[in-house]
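Q: make a model of this:
(4 chains)
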There are 2 protein chains.
Amino acid sequence: MSPRPATPAARDRLLAAAGELFYESGIAATGVDAVLARAQVAPATMYAHFPGKDGLVAAYLEQRYDRWLRTWDEVLAEHTDPVDRLLSLFDAVDRYRAREGNRRGCGFLAAATELPADHPGQPWLQADSRLLTDRLRELAVAAGLADPDEAAATLLLCYDGALARSAREWTTPGLHTDDPVRRARGLAAAWLAQQGHRPVR
Amino acid sequence: MSPRPATPAARDRLLAAAGELFYESGIAATGVDAVLARAQVAPATMYAHFPGKDGLVAAYLEQRYDRWLRTWDEVLAEHTDPVDRLLSLFDAVDRYRAREGNRRGCGFLAAATELPADHPGQPWLQADSRLLTDRLRELAVAAGLADPDEAAATLLLCYDGALARSAREWTTPGLHTDDPVRRARGLAAAWLAQQGHRPVR
DNA sequence: GTCTATAGCCGGATAGAC
DNA sequence: GTCTATCCGGCTATAGAC
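A: Next comes the predicted model:
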């Protein structure tokens, strides 16, 4: 879905710089100049690799989606208990943040807030939403839950709650007493326990 | 905190226009020109009322905070049961949205994502965060909950979960099957019931 | 207080040489 | 593919008259 040029060095540096700046300073607030400066790349070189800023933003979101998916896959493969596999979503967030950093909460949530509806990066946001709902539903089915859609929606609510709280707290470290992801995992686990979960097999 | 000019007509029109545009299109993406055009106000007039765009943004957030606080106060006054008063947060969101509209989720969450840490509008975002935590804690104490801080944090998690889900779904109406606020209220109520809530008096 | 007109600037994008 | 230099448009903000 993304053509690889013969000399990807500049492209890789651009994506790395975009990944840091778009995430830390916001997409709209980050100018192309800043990305170019950090990547040590000339303007014309960027436009040889990407159709424009919007295209760079889309590539940034694609990269982020790939890494997030890989991380969740990895964590998921480490668990066999059905409930653990459902809750792996939260452990995957922890691992992703340990790797990629967590200065400003969820990059997808921020992008969903910033980008207009017709932005070329929207497909990746939809891919993320679809991954979450579909996979959680599958895991809920595998866990033998009575209403998989309900379970997926509830876990997703806890998940987004953790991400939104992280986003709100990034500028007010004073009130940031506990870890929202940990709390969300606990709330989700409590809800699952309350459901009268019947394990398969 | 905001000096009232002798002829507030233009100022009011500016605030009304800002309230619509900043919310619906985003703060960074909305130019001053667009606000001026919608408000039918000349540029110089705006700079007579506000120090600049940042000041207008801060006034927009102040206005939004005032209306949100008033709405929550109003809903809160309609309930006497301690648990109902805790859950009034979610009912207040419903009422606020019925009044002010809900095209793009929570304006504060969006602003927290968009604005830099030193923006003059940040105090209003902090005021909102403080209102939520402090008031929820008070209500939890009044409800006789064993750990008021824990209860406030959990309800806040549900609350932000609902708002974040609304934000994600605004562009994908296809997956938007259920109401996140309603679901969050249910999850919060279930958690409260699970706490072994002991009513006061 | 409000207007018209405009200045200054910054960000996205391109031309053309190498 | 990459560079230097530059264009162009839009947006923030101001000057000065009424």
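
Q: helix, strand or coil: sort out residue A:51 for me.
A: Residue A:51 falls in the coil class when you classify it by DSSP: H, G, I helix; E, B strand; the rest coil.

Q: and it, how many neighbours?
A: By the criterion of other C-beta atoms under 10 Å in any protein chain shown, residue A:51 has 11 neighbours. Using the backbone N, CA and C atoms, a C-beta is placed for each residue, glycine as well.

Q: could you do the one 3 residues further on as well?
A: Using other C-beta under 10 Å, the number of residues around residue A:54 comes to 16.

Q: contact partners for it?
A: With contact taken as C-beta atoms under 8 Å, 6 or more residues apart in numbering or on different chains, residue A:54 is in contact with A:119-121.

Q: just residue A:182 next, same as before
A: With C-beta under 8 Å, 6+ apart, residue A:182 has these contacts: residue A:90.

Q: which strand or helix spans it?
A: Element membership for residue A:182, per DSSP states H and E: helix A:180-194.

Q: where does chain A have low pLDDT?
A: Across chain A, the ranges flagged by pLDDT under 70 are A:1-8, A:173-176, A:197-201.

Q: and it, which residues reach DNA strand C?
A: Residues of chain A that fall close to DNA strand C, judged by C-beta under 7 Å from any atom of the strand: A:30-33, A:43-44, A:47, A:52-54.

Q: I'd like to know how many residues surround the residue of chain A found nearest DNA strand D.
A: Nearest to DNA strand D in chain A, going by C-beta to the nearest atom of the strand, is residue A:44, at a distance of 2.4 Å. Neighbours of residue A:44 under the rule other C-beta under 10 Å: 7.

Q: what sits closest to residue A:56 if chain neighbours are left out?
A: Nearest residue to residue A:56 in three dimensions, chain neighbours excluded: residue A:50, at 4.5 Å (C-beta to C-beta, 6 or more residues apart in numbering or on different chains).

Q: for the helix or strand hosting residue A:47, the distance to its chain's centre please.
A: Residue A:47 is part of helix A:43-49 when elements are defined by DSSP H and E. How far helix A:43-49 lies from its chain's middle: 27 Å, per C-alpha atoms, centre = their mean, to the nearest Å.

Q: could you do stretch A:22-39 as well?
A: 19 Å.

Q: what do you get for stretch A:41-54?
A: With C-alpha atoms, centre = their mean, you get 25 Å for stretch A:41-54.

Q: first-to-last residue distance for that stretch?
A: In stretch A:41-54, first residue to last residue: 17 Å (C-alpha to C-alpha, to the nearest Å).

Q: got a list of contacts for stretch A:102-117?
A: A:22-24, A:26-28, A:57, A:61, A:64-65, A:68, A:121-122, A:124-125, A:128, A:160, A:163-164, A:166-167, A:170, B:25-26, B:28-29, B:104-105, B:109-110, B:113-114, B:164, B:167-168, B:170-171.

Q: could I have the CA atoms of it written out in CSV?
A: Coordinates of each C-alpha in stretch A:102-117 appear next as CSV, following Å, rounded to 0.1, in the frame of the first residue of the first chain:
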residue,chain,number,x,y,z
ASN,A,102,3.6,8.1,26.0
ARG,A,103,4.0,11.8,26.2
ARG,A,104,0.6,12.7,24.9
GLY,A,105,-1.8,9.8,25.2
CYS,A,106,-3.2,7.9,22.2
GLY,A,107,-2.1,9.2,18.8
PHE,A,108,-5.2,7.8,17.1
LEU,A,109,-7.5,9.5,19.5
ALA,A,110,-5.7,12.7,18.9
ALA,A,111,-5.8,12.3,15.1
ALA,A,112,-9.5,11.4,15.2
THR,A,113,-10.0,14.8,17.0
GLU,A,114,-7.8,16.8,14.7
LEU,A,115,-8.4,15.4,11.2
PRO,A,116,-11.4,16.4,9.0
ALA,A,117,-13.7,13.7,7.8
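
Q: quickly check: that stretch near DNA strand D or not.
A: No - Stretch A:102-117 lies apart from DNA strand D when judged by C-beta under 7 Å from any atom of the strand; the minimum separation is 12.9 Å.

Q: give the buried residues for that stretch.
A: A:102, A:104-115 (16 or more other C-beta atoms under 10 Å in any protein chain shown).

Q: among those residues, name the ones in helices.
A: In helices, judged by DSSP state H, the following of the buried residues of stretch A:102-117 are found: A:107-114.

Q: with just CA atoms, put stretch A:31-39 into CSV.
A: Output of stretch A:31-39 as CSV, limited to C-alpha atoms (Å, rounded to 0.1, in the frame of the first residue of the first chain):
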residue,chain,number,x,y,z
GLY,A,31,4.6,22.4,10.2
VAL,A,32,6.3,20.6,7.4
ASP,A,33,9.3,22.8,8.1
ALA,A,34,9.7,21.2,11.6
VAL,A,35,9.6,17.7,10.2
LEU,A,36,12.1,18.6,7.5
ALA,A,37,14.5,20.1,10.0
ARG,A,38,14.4,17.2,12.3
ALA,A,39,14.7,14.7,9.5
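
Q: close to chain B, is that stretch?
A: No - applying C-beta under 8 Å from any C-beta of the partner chain, one finds stretch A:31-39 separated from chain B by no less than 11.5 Å.

Q: list the contacts of stretch A:69-87.
A: Under C-beta under 8 Å, 6+ apart, the answer for stretch A:69-87 is A:88-89, A:91-92, A:95-96, A:99, A:131, A:135-136, A:139-140, A:142-144, A:151, A:155, A:185, A:188-189, A:192, A:197, A:199-200.

Q: so what's the residue nearest to residue A:56 up against?
A: Neighbour list for residue A:50: A:14, A:56, A:59 [criterion: C-beta under 8 Å, 6+ apart].

Q: what about the helices in chain A?
A: With DSSP H, the ranges of helices along chain A come out as A:9-25, A:32-39, A:43-49, A:53-76, A:82-100, A:107-114, A:122-142, A:148-169, A:180-194.

Q: any chance of these in a markdown table, plus distance to residue B:181?
A: Putting those into a markdown table (distance: least, C-beta to C-beta, whole Å) gives the following:
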| stretch | distance to residue B:181 |
| --- | --- |
| helix A:9-25 | 28 |
| helix A:32-39 | 37 |
| helix A:43-49 | 42 |
| helix A:53-76 | 26 |
| helix A:82-100 | 22 |
| helix A:107-114 | 17 |
| helix A:122-142 | 18 |
| helix A:148-169 | 10 |
| helix A:180-194 | 17 |
